[in-house]
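Novice: Please find the sequence and the predicted model below.
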Amino acid sequence: MTNTSRMLGLSRRHILAGLAATPALSAAFPAAAQTAGPHWTPQQTQAALKDAKGTKLVLLGTAAGPVPGRSRQMTSHAMLSNGSAYVLDCGMGVTDQYARTGIPFSALKSIFITHHHPDHNIEYGPLLIVGWVQGLPLDIRAFGPPPLKQMTEDFMRAYKQTVDFWAEDFHMKPLTAVNVQEVPGAGPVMQDDNVKVSSIVVEHPPVKPALAYRFDFKDRSIAFSGDTTPLEAVAEMAKGADVLVHETMYVPAVETYVRGMVAQGRPVKFDAFMAHMKADHTPSEDVGRIAQEAGVKTLVLSHLTPAIDSIDDETWRAPVAKYFKGEIIVGKDLMVV
Ligand SMILES: [Zn+2]
Ligand SMILES: [Zn+2]
């Protein structure tokens, strides 16, 4: 690890923690300008799914970074197709949010992880255990970059006694093993009766591999950028998809925050920090360019950086709309797309 990356890694944690609740930044984007809250109610979500025809995407969590205590949850998504559910990413909150959709745990067929950062994987194990108590199929499958197999085995070993007590008490068949298939890079990931899933490798240093996924359902295709710097390959992967869910960084708000830290005498160098963020994440304008090049119908802005409620929808949308002429949706937790 270089001095720079060490410094930046540390700074990044600081900034992401700080971005959660910084009065200075909130003041810069007044709440009065908000057009809507950061999430749907479970009632809205359940009603939308009940009336749904065809494959639906539910944004379970739309915030970037492993920061607790925000209105938006960390990154996770559910897709519901023909009565089967698929979860992509397991940031903190995924289990509660999944439950709030009203989709039964017994419907969950497969879990996918884009990369091993805590805002994408920290609740993977808890989703398995609590989900099992709630009826998760014992043949649940999981897909993600190595070492997902080892991580799953280690987690199941750590909770073996817990699972065994519960299984004994409630006469349940214990969840002993999860069918894990590691995804080392680009290519086909899986196929079942409802969906064909493929992956590409994206650029999110130092994480290797970090993946983007495309889900081709019979009636609808949904692509996810995962966490990445602006990448031509994402546009290619998402070509002609109905929906692209892309991570989105609103640079002026990040800059405001970093300037605040510099002004407070914190050990952060503005240029170095912003260079790091741009090497790992995608500014709003580039999200628009990529979606336009991909020619998708609908672009969902998610993994919002910074995930501050006082940044209104129009502020998220405007820099993207300069380049993308299709439908733009500012992601909200529990929103059905
Ligand atoms: Zn992330
Ligand atoms: Zn990440």
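Specialist: Perfect, thanks for sending it. Ligands and ions are numbered 1, 2, ... in the order given.

Novice: Just the pLDDT at the residue nearest the centre of the chain, thanks.
Specialist: Per Cα atoms, centre = their mean, the C-alpha nearest to the average position across the chain is that of Thr75, at 3.0 Å. pLDDT for Thr75: 98.

Novice: What residues does the residue of the stretch 201-337 of the chain found nearest ligand 1 make contact with?
Specialist: Closest residue of the stretch 201-337 of the chain to ligand 1, Cβ to the ion: Asp227 (4.4 Å). All C-beta atoms are positioned from the backbone trio N, CA, C, and that covers glycine. Shown in contact with Asp227 (Cβ atoms under 8 Å, 6 or more residues apart in numbering): 64, 114-115, 117, 120, 202, 204, 207, 210, 247, 280-281, 303.

Novice: Mind doing that once more with 7 Å?
Specialist: When contacts are counted by Cβ atoms under 7 Å, 6 or more residues apart in numbering, Asp227 is found next to 114-115, 117, 204, 210, 247, 280-281, 303.

Novice: Name the member of those residues with the most neighbours.
Specialist: Using other Cβ atoms under 10 Å as the neighbour test, those are led by His303, with 31 neighbours.

Novice: Could you check how far it is from ligand 2?
Specialist: 8 Å (Cβ to the ion, to the nearest Å).

Novice: ok so that residue is a strand residue?
Specialist: Yes: using DSSP: H, G, I helix; E, B strand; the rest coil, the assignment for His303 is a strand.

Novice: Ser76 is in contact with that one, correct?
Specialist: No: between His303 and Ser76 there is no contact under Cβ atoms under 7 Å: 10.4 Å.

Novice: coming back round to it: and for the residue nearest to the centre of the chain, nearest residue in space, chain neighbours not counted?
Specialist: In space, and not counting its chain neighbours, Thr75 is closest to Gly91: 4.4 Å by Cβ to Cβ, 6 or more residues apart in numbering.

Novice: Torsion angles phi and psi at that neighbour?
Specialist: Per-residue torsions, Gly91: phi -60, psi 170 (degrees, to the nearest 10).

Novice: List the residues that contact it.
Specialist: 61, 73-76, 119-120, 122-123.
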